[in-house]
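In: what's the 3D shape of this:
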Amino acid sequence: MKKIKLVLVLMACLFGLTACGNKERVDDETANELSQRSIMVIENVYNSLNAESKEELVGEGAEAVEYIFSNYFGMPVEGNGMISAVESYVRATDEIGGLSSINNYSADFDSTGDKIIITVNCTFEKKNADIEFIYKRDLYKTLTSSATNVDYTFGEKMGKAGLNTLMGMGTVFAVLILIYGIISLFNFIPKIEAAFSKKDAQPATTSVDNAITQIVESEELTDDLELVAVISAAIAAYEGASSSDGYVVRSIRRVSNGSKWQKAL
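Out: Have a look, this model is predicted:
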């Protein structure tokens, strides 16, 4: 039984390899037609673009782009896709320079088989680049988008990868340092709260001392009984008693320092 299962698995693998080897190819007539369209776009549209003309074309909008390609070049396009394609090409020319020659092309279906990808290899003043054109697999072969891929050397690719890595790590460390700084500030919150609490809190004895001092040092007192009554009421208020009947003031002495009301008893 195990041997039969093993044979079935091997047969399935062989069928899978066969299917991969028989990938559908674009017929020569279609490949030649679409490659000529792509080369025409490179020579007559892309090669004549600069930053100023690109802004002017993009500013016209998607419908205007579709109209231009349909009436002047006789090919249907998707406006938004071609605006992105133009921006991609002009952005790449800053690095690769102007067009020198068109070398070769290739035609393939995408993974779904619904679109045809024409890749045109070109030589520019500074570097080589592959310009990909993506067409719908429909009656009109509508051009949906295009992208300019610069052919970087291995060293340039490694340099860009290293730069991207450094930028990513730098961003992570910057965020971590910021978080650490914010957490460190939490240590000062209790100290700030304590400082404000200490500033707002005033001992009750200080208030009573000030009141007694003002009373004792006042020169306008006309009767000692009034002074005794006021001192008794102040002491009762400090002790939280409802009445001053339980307090007896036996003597009053003026002092120069210390807690005056405590030494007055």
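
In: my guess is Phe73 meets Met40, correct?
Out: Yes - using C-beta atoms under 8 Å, Phe73 is in contact with Met40, at 6.6 Å. All C-beta spots, glycine's among them, are computed from the backbone N, C-alpha and C.

In: got any ranges where the stretch 51-200 of the chain has weak pLDDT?
Out: 156-157, 160, 198-200 (pLDDT under 70).

In: which residue ranges of it form strands?
Out: Taking DSSP state E, counting those that start in this stretch as the criterion, the stretch 51-200 of the chain contains strands spanning 99-109, 115-124, 128-136, 143-150.

In: can you add mean neighbour count and give the ones you listed back as a markdown table?
Out: Formatted as a markdown table, those follow (neighbours: other C-beta atoms under 10 Å):
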| stretch | mean neighbour count |
| --- | --- |
| strand 99-109 | 15 |
| strand 115-124 | 19 |
| strand 128-136 | 20 |
| strand 143-150 | 18 |
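
In: these: which one's closest to Pro190?
Out: strand 143-150 (57.9 Å; C-beta to C-beta).

In: residues making contact with that closest one?
Out: 37, 41, 69, 75-78, 81-82, 84-85, 88-89, 91-92, 95-96, 115, 127-136 (C-beta atoms under 8 Å, 6 or more residues apart in numbering).

In: could you tell me the angle between that strand and strand 128-136?
Out: 160 degrees (axes from the mean of the first three to the mean of the last three C-alpha atoms, to 10 degrees).

In: pull the longest helix from the protein.
Out: Scanning the chain for the longest helix, with DSSP state H as the assignment, gives helix 154-185.

In: now the nearest residue to Asp114 once chain neighbours are set aside: phi and psi?
Out: Nearest in space to Asp114, with sequence neighbours left out and distances taken as C-beta to C-beta, 6 or more residues apart in numbering, is Arg137 at 5.4 Å. With angles defined as degrees, to the nearest 10, Arg137 sits at phi -90, psi 70.

In: still on that earlier bit, could I get the strands of the stretch 51-200 of the chain as CSV with distance to Ala62?
Out: Shown next, in CSV, are the strands of the stretch 51-200 of the chain (distance: least, C-beta to C-beta, whole Å):
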stretch, distance to Ala62
strand 99-109, 25
strand 115-124, 19
strand 128-136, 16
strand 143-150, 12
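
In: which one, of the ones you listed, ends up nearest to Val45?
Out: strand 143-150 (9.9 Å).

In: pull the closest one out as PDB, backbone CA atoms only.
Out: Below are the C-alpha coordinates for strand 143-150, written out as PDB (Å, rounded to 0.1, in the frame of the first residue of the first chain):
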ATOM      1  CA  LEU A 143      -2.300  49.400 -22.700                       C
ATOM      2  CA  THR A 144      -2.900  49.700 -18.900                       C
ATOM      3  CA  SER A 145       0.400  50.700 -17.400                       C
ATOM      4  CA  SER A 146       4.100  50.900 -17.900                       C
ATOM      5  CA  ALA A 147       7.200  50.900 -15.600                       C
ATOM      6  CA  THR A 148      10.900  51.800 -16.100                       C
ATOM      7  CA  ASN A 149      13.200  49.400 -14.300                       C
ATOM      8  CA  VAL A 150      16.800  50.500 -14.100                       C
END
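
In: many thanks, I have nothing further to ask.
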